[in-house]
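Asker: Dropping the sequence and predicted coords here.
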Amino acid sequence: MTVDRRVAIVPARNEEGAVGGVVAEIRAFDPGLDVVVVDDGSTDRTAEIAMAAGAYVVRLPFNLGIGAAVQTGFKFALEHGYELAVRLDGDGQHDPAELPKLLEVLDRDAADIVVGSRFVNGSGEHRGPRTRRIGIVFFARLVSALTRQRVTDTTSGFQALNRRGIAIFAADYPHDYPEVEATVMVHKHRLRLVEVPVRMREREHGESSITVLRSIYYMLKVTLALLVGMLRAYAVPSEERHP
Amino acid sequence: MTPVRISIAASIASALLILVVLELIRGRRLKERYALLWLVTGVVLLVLSAWRGGLNTIAGWLGVSGYPPAILFAAATLFIILVLLHYSTVLSRLTDENVLLAQRLGLLDERLRRMENGPTENRPSP
């Protein structure tokens, strides 16, 4: 057994065109980094392609949504004793070459969770539909106010976590746009969150399926969830209680 | 006072409701906690149907003078809203449990595949 076991969690749904490349890229970046692809009820060959590329594959029997899929990855990491987990999307928008920026922070124990942000230090503007940008700015402001910490990119799924972060998210993780609520959870659990600037690529395959009405609906829903989240009693995972 | 024929018809309908609930319990198609709820509902309806002066009397207690059946509608609406709210909580719980089961199934399925393939197989190869 190696000293420091690390795993990359890749949620993927119907990403047969991109997932093979993503897995291969992560493996090429660091062969010591295990890869687990969480196949969220794909109807295409996502699982087979990910396996052939050398990933562990957890197949969910039907579509659970991004939050539950990512949480499955954290459960996998917890149960298999990984000390560190990184998260990259299955569509290839997160470049493994940017991982060292995230890992460096964890390696010197300066945070429990590190988020790759497109906006901190003006590291680059992500072009996209206006509603999406409005949502990103809106949630950045709201979350910053709630957590009294400057957060610039609350929708980034490009993250790295230590064992404490893994344990908490394995026990309890939100559903739609989970990163927004998760940021508040992190604050509630008194974990240290640090953002580092990263570059992200345009989606390689597929289109983001978010329309204006849906954006508004999700903004209302997530805002409500955030405000309720501030009042919620949190389930503290056993690892935190008995360190 | 409720006309006799309406009273009889309503009583028969209420009795039928109780019979249907009993039949569902007998066939184990209704959990006990819901069975009790619907049995009580049936009995209340039966009492209101058979007791012809009942609605007027109860309306009198509550100070409803214009149209006594209004209290029936008000009570029924409140009851239905409460039942629906309860169903929402049940649905939420079932959804959460369903997610847990699906995740567990996926994780166990992965473990099983790994064991069947042997300890070295299916391990990411460099």
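Answerer: Received the coordinates, thanks.

Asker: Write out the residues of chain A neighbouring chain B.
Answerer: A:27, A:31, A:34-35, A:38, A:51, A:54-62, A:64, A:68, A:71-72, A:75-76, A:79 (C-beta under 8 Å from any C-beta of the partner chain). Glycine gets a C-beta too; all of them are placed from N, C-alpha and C.

Asker: Quick check: which element contains residue 67?
Answerer: If you meant another chain, say so; for now it's chain A. Taking DSSP states H and E as the criterion, A:G67 maps to helix A:66-79.

Asker: Assign A:N63 to helix, strand or coil.
Answerer: Assigned with DSSP: H, G, I helix; E, B strand; the rest coil, A:N63 falls in the coil class.

Asker: Can you get me a residue count around it?
Answerer: 15 (other C-beta atoms under 10 Å in any protein chain shown).

Asker: so what's it up against?
Answerer: Applying C-beta atoms under 8 Å, 6 or more residues apart in numbering or on different chains to A:N63 gives the contacts A:13, A:40-41.

Asker: With A:I134 instead?
Answerer: Counting by C-beta under 8 Å, 6+ apart, A:I134 has contacts A:S215.

Asker: Report pLDDT for it.
Answerer: pLDDT for A:I134: 79.

Asker: after the helix or strand hosting it comes which helix or strand?
Answerer: Using DSSP H and E, A:I134 falls within helix A:130-147. Downstream of helix A:130-147, the first helix or strand assigned by DSSP H and E is strand A:159-162.

Asker: Can you list the neighbours in contact with that following strand?
Answerer: The contact list for strand A:159-162 (C-beta under 8 Å, 6+ apart) reads A:74, A:83-87, A:99, A:102-103, A:105-106, A:109, A:111-116, A:169, A:179.

Asker: which non-adjacent residue is nearest A:R163?
Answerer: A:E83 (5.5 Å; C-beta to C-beta, 6 or more residues apart in numbering or on different chains).

Asker: State the pLDDT value of the one you found.
Answerer: 94.

Asker: Can you read off the pLDDT for residue 122?
Answerer: Since no chain was named, I'll use chain A. 55.

Asker: wait, chain B
Answerer: B:N122 is given a pLDDT of 48.

Asker: Pick out the least confidently modelled helix or strand of the chain, by mean pLDDT.
Answerer: Just going to use chain A. helix A:238-241 (a mean of 50; mean pLDDT, DSSP states H and E).

Asker: try chain B instead
Answerer: Within chain B, no helix or strand scores below helix B:54-62, which has a mean of 86 by mean pLDDT, DSSP H and E.

Asker: so the next helix or strand after it versus helix B:54-62, what angle?
Answerer: Moving toward the C-terminus from helix B:54-62, the next helix or strand (DSSP H and E) is helix B:69-116. Here the directions of helix B:69-116 and helix B:54-62 differ by 100 degrees (axes from the mean of the first three to the mean of the last three C-alpha atoms, to 10 degrees).

Asker: pLDDT weak spots in the chain?
Answerer: Since no chain was named, I'll use chain A. Low-confidence regions of chain A, defined by pLDDT under 70, span residues A:1-4, A:121-131, A:203-210, A:233-243.

Asker: wrong chain, I was asking about chain B
Answerer: For chain B (pLDDT under 70), the answer is B:118-126.

Asker: repeat that for 90
Answerer: Counting by pLDDT under 90, chain B has low-confidence residues at B:1-4, B:6-7, B:25-26, B:28-37, B:48-75, B:116-126.

Asker: Spatially central residue in it, please.
Answerer: Centroid check for chain B by C-alpha atoms, centre = their mean gives B:Y34 as the closest residue, at 5.4 Å.

Asker: still on that earlier bit, each with direction, which strands does whatever helix or strand comes next after the helix holding A:G67 pair with?
Answerer: Under the assignment DSSP H and E, the closest C-terminal helix or strand after helix A:66-79 is strand A:84-87. Strand pairing for strand A:84-87, using DSSP bridges, gives strand A:6-12 (parallel), strand A:159-162 (antiparallel).
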